[in-house]
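Visitor: what shape does this take:
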Amino acid sequence: MGPVSASESVPHPSGESRAEPATGRGDTPMALSLGGFLAGCGYVVVVPGVMVSVGHALWPEYAGPGLTFTALVTLGVPLGLLVPARTRRFGTFMLVGLAVTLLVVAALVGVVWMLLNSGTS
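Guide: Numbers count the residues shown, from 1 in each chain. Coordinates of the predicted model:
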């Protein structure tokens with residue numbers, strides 16, 4: 001028995017037939033959730049880094065304050081993914097990935113800061 005298309009129905013043990021949803025390869029809730037989370041983890045590091053690097057290469061004297069704001073504005077993409085119903089789950093987990101990554105980086109910076117300052121009296 002081969003794969004079932006969206007228009008075919010599969011017999012159910014109770015006697016009624018139910019239509020199987022058509023899902024693509026990797027289009028499962030777990031894959032979308034994990035993909036969104038990992039995309040958020042990477043997005044929070046890669047996008048601001050690339051924006052500041054390119055800006056510093058083009059305008060070395062203006063790289064600091066102006067490009068940081070531009071990089072933060074581009075982080076609005078995950079918020080845009082929350083609007084359409086089709087991308088809402090991916091966007092939600094992308095925001096979770098962003099938040100978790102930021103919390104982990106902030107905690108790590110705090111621990112390193114405390115370790116560096118604990119040696120000085």
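Visitor: what mean pLDDT does stretch 52-65 have?
Guide: Across stretch 52-65, pLDDT averages out at 75.
Visitor: skipping its backbone neighbours, what lies nearest Leu38 in space?
Guide: Gly97 (6.5 Å; C-beta to C-beta, 6 or more residues apart in numbering). Yep, even glycine has a C-beta here, placed from its N, CA and C like the rest.
Visitor: isn't there a helix covering that neighbour?
Guide: Yes. Under DSSP: H, G, I helix; E, B strand; the rest coil, Gly97 sits within a helix.
Visitor: that one: neighbour count?
Guide: Neighbour count for Gly97, taken as other C-beta atoms under 10 Å: 23.
Visitor: quick one: low-confidence parts of this structure?
Guide: 1-27, 63-68, 70-72, 121 (pLDDT under 70).
Visitor: in this protein, which spans are strands?
Guide: Here the chain has its strands, by DSSP state E, at 9-11, 17-19.
Visitor: tell me which stretches of this structure form helices.
Guide: 29-58, 65-74, 77-81, 88-118 (DSSP state H).
Visitor: buried sites along the first one?
Guide: By neighbour count, and taking 16 or more other C-beta atoms under 10 Å as the criterion, the buried residues in helix 29-58 are 32-33, 35-37, 39-41, 43-44, 48, 51-52, 55.
Visitor: swap in the last one?
Guide: Along helix 88-118, these residues count as buried under the neighbour rule (16+ other C-beta under 10 Å): Arg89, Phe90, Gly91, Thr92, Phe93, Met94, Leu95, Val96, Gly97, Leu98, Thr101.
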